[in-house]
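Asker: model the following, please.
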Amino acid sequence: MKKNYIILIILVLIALVTGLVIFRPHSGKEKVAEQTLPKDYKNATYIIEGQSVTLTNGLSEIEAAPGSATKIITRYFGNEVKHDLNDDGREDVVFLLTQETGGSGVFYYIVAALNTPDGYIGSQAVFLGDRIAPQTTHMDEGITSKGTNRQNVIVVNYAVRLPGEPFTARPSLGKSMWLKLDPVTMQFAEVAQNFEGESR
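Answerer: Residues are numbered from 1 along each chain as shown. Okay, here's the model as predicted:
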């Protein structure tokens, strides 16, 4: 009887040790996979119309639907401006992207990429138009006549078609959009343009 009792204790101890080895909690020393940010803004991820788009050397091609031959093609267009958008002493970048979704449209967007010590973080995109004619993109750092500081305001200039004109017509109507990036939400907000008489 005593012998059986000792064997039972040994078996219980073996089961406990085995359980501790198999189900032991993860220690802090174990490596955990971490998402690394890209070192080039042409390889960063941007949000376009609510969808994440990751560029590879300035290009993304994804299926429009699972198994579909139609591709959504997103490309780096250019018109970039380099500027410190969040006042951290690092040069960030703003530029245009185009996106084709399988039809005849070529949709233009503006995005930003913050240059952090860990890599580039892409913003949400702002839609500019379909088959527009991009002109220039620059920073507006002036002071308005009301004393408002326009620090880190991005001005995008482009041409659109006149109202009622078909897409076959050449864009001829100049348009500007003034934007400011919120570095916390990574979203752009449109800001009021200078009124007549205000300095840029």
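Asker: tell me the strands beside the lengthiest strand in the chain, with direction?
Answerer: Ranked by residue count, the top strand of the chain under DSSP state E comes out as strand 71-83. Its sheet considered, strand 71-83 pairs with strand 59-63 (antiparallel), strand 92-100 (antiparallel) by DSSP bridges.
Asker: what element comes up after the least confident helix or strand in the chain by mean pLDDT heading to the C-terminus?
Answerer: Counting by mean pLDDT, DSSP states H and E, the chain has its least confident helix or strand at helix 2-22, which shows a mean of 58. Next along the chain after helix 2-22, taking DSSP states H and E as the criterion, comes strand 45-48.
Asker: show me what that next one packs onto, helices and strands only.
Answerer: With contacts taken as 3 or more Cβ pairs under 8 Å, 6 or more residues apart in numbering; DSSP states H and E, strand 45-48 sits against strand 51-54, strand 92-100, strand 107-116, strand 119-122. Just so you know, the C-beta spots here come from the backbone N, C-alpha and C atoms, and that holds for glycine as well.
Asker: next, format those as CSV and append mean neighbour count.
Answerer: Formatted as CSV, these follow (neighbours: other Cβ atoms under 10 Å):
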stretch, mean neighbour count
strand 51-54, 14
strand 92-100, 21
strand 107-116, 23
strand 119-122, 20
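Asker: mean pLDDT lowest for which of the strands paired with strand 71-83?
Answerer: Between those, the lowest average pLDDT goes to strand 59-63, which shows a mean of 93.
Asker: okay, now I62: neighbour count?
Answerer: 14 (other Cβ atoms under 10 Å).
Asker: so what's the residue nearest to it when sequence neighbours are not counted up against?
Answerer: In this structure, I62 finds its nearest non-sequential neighbour in I72, 5.2 Å apart by Cβ to Cβ, 6 or more residues apart in numbering. With contacts defined as Cβ atoms under 8 Å, 6 or more residues apart in numbering, I72 is in contact with 60-64, 99-102.
Asker: quick one: pLDDT of I72?
Answerer: Value listed for I72 in the pLDDT field: 94.
Asker: which non-adjacent residue is nearest A169?
Answerer: R161 (5.2 Å).
Asker: so that neighbour touches K175, yeah?
Answerer: No: under the criterion of Cβ atoms under 8 Å, R161 is not in contact with K175, lying 10.5 Å apart.
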